[in-house]
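Chemist: give the three-dimensional model of this entry:
(one chain, ligands or ions: 2)
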Amino acid sequence: MHNVNNLNNIIAIVPAAGIGSRMNSQIPKQYLKIASKTILEHTLHKLLTHPQITQVIVVISPEDHLFNTLSIALHDKIKMTLGGETRADSVLAGLKLLNDEQWALVHDAARPCVDHDDITRLIETVTNKKQGGILATRISDTVKRAYRNNDTVIDYSEDRTYLWGAATPQLFNAGELKSCLQQALNDHVAITDEASAIEYCGGHPLLVECRGDNIKITRPEDLALATFYLTKQTPNR
Ligand SMILES: Nc1ccn([C@@H]2O[C@H](COP(=O)(O)OP(=O)(O)OP(=O)(O)O)[C@@H](O)[C@H]2O)c(=O)n1
Ligand SMILES: C[C@](O)(CO)[C@H](O)COP(=O)(O)O
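Modeler: Numbers count the residues shown, from 1 in each chain. Ligands and ions are numbered 1, 2, ... in the order given. Okay, here's the model as predicted:
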């Protein structure tokens, strides 16, 4: 029986249907290789080797011809489904394969450096408090607010004390997340992560601090950093 109290039955959803426009590569960035494996394979390996994750749903683009060429596509814990135009559409497509009472752990294909201990702490915190939450990092830079009508000029400096950068995984009750994502999409509200959908419905997800090396590979220069982090990590960390 899958239910919210079962900490050893977490279902991961991996949105991997993006095109990676900011990466400027010939192929979607999740298929670029780091040390002989694609970024997507590194990410899936991290999730498949986590002891509390029982299934991984990979959401790919309808135009994707690469996923089925990877041997990991045949892994018995992996299911595949087709995504949509935005990340929110893709996550919603993955959620449709879950029962409403299950926990959904959404993790970007583009974050292969995620740490097992951080995933475990997120699962423990969220399931103990019975409140959805996300991995995130405290902002360490000085943050400037630009003018709305002149966005290369500083209006003022923000107080960073209460500012966090959202990362993934993000862990929520599947039914609640499905309903909030659907509501945000119906209302044409642009959201870039799951927590934003929950916030749109009036919720207040938990912030669980994670390592700073859980980077999202977004731009070409991120590849070198991710290569460094992945090759220095001990296996299954
Ligand atoms: N329609 C989409 C858009 C994004 N994603 C996934 O969401 C994750 C985070 O998004 P991002 O890093 O922004 O990826 P892209 O949308 O591919 O990149 P870009 O915004 O530069 O085009 C990625 O794993 C990406 O594959 C998805 O599944 N479906
Ligand atoms: C979910 C996310 O990784 C949190 O940082 C992020 O929001 C993904 O999309 P983005 O368009 O790169 O912000």
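Chemist: helix, strand or coil for Thr227?
Modeler: Secondary structure state of Thr227, per DSSP: H, G, I helix; E, B strand; the rest coil, is helix.
Chemist: what's near enough to touch the closest residue to Tyr200 other than its chain neighbours?
Modeler: Spatial nearest neighbour of Tyr200, excluding adjacent residues (CB to CB, 6 or more residues apart in numbering): Ala184 at 4.8 Å. The C-beta positions use only the backbone N, C-alpha and C, and glycine is treated the same way. Ala184 is in contact with Ala88, Ile191, Ser196, Ala197, Tyr200, counting by CB atoms under 8 Å, 6 or more residues apart in numbering.
Chemist: out of those residues, who's near ligand 2?
Modeler: Among the contacts of Ala184, no residue lies close to ligand 2 (CB under 6 Å from any ligand atom).
Chemist: mind checking the SS state of Val19?
Modeler: Quick fix: residue 19 reads Ile, not Val. Ile19 ends up coil, using three-state DSSP.
Chemist: identify the residues contacting it.
Modeler: Counting by CB under 8 Å, 6+ apart, Ile19 has contacts Pro28, Ser61.
Chemist: run the last query once more with 10 Å
Modeler: Ser25, Ile27, Pro28, Lys29, Gln30, Ser61, Glu63 (CB atoms under 10 Å, 6 or more residues apart in numbering).
Chemist: and what of Leu135?
Modeler: 107, 111, 114-115, 118-119, 121-122, 125, 164-171, 207-211, 214.
Chemist: circling back to that earlier point, from Arg219, how far off is the residue nearest to Tyr200?
Modeler: Distance, Ala184 to Arg219, by CB to CB, to the nearest Å: 26 Å.
Chemist: tell me how many other residues crowd the one residue in the chain that gets nearest to ligand 1.
Modeler: Using CB to the nearest ligand atom, the single residue of the chain nearest to ligand 1 is Gly18, 2.1 Å away. Residues lying near Gly18 (other CB atoms under 10 Å) number 21.
Chemist: just checking, it touches Gln30?
Modeler: Yes. Using CB atoms under 10 Å, Gly18 is in contact with Gln30, at 7.4 Å.
Chemist: which residues do those two both contact?
Modeler: Taking CB under 10 Å, 6+ apart as the contact rule, Gly18 and Gln30 both touch Ile60, Ser61, Asp108, Ala109, Ala110.
Chemist: run through the protein and note the low-pLDDT ranges.
Modeler: 1-8, 233-237 (pLDDT under 70).
Chemist: for it, what's the longest strand?
Modeler: For the chain, the longest strand by residue count, based on DSSP state E, is strand 164-173.
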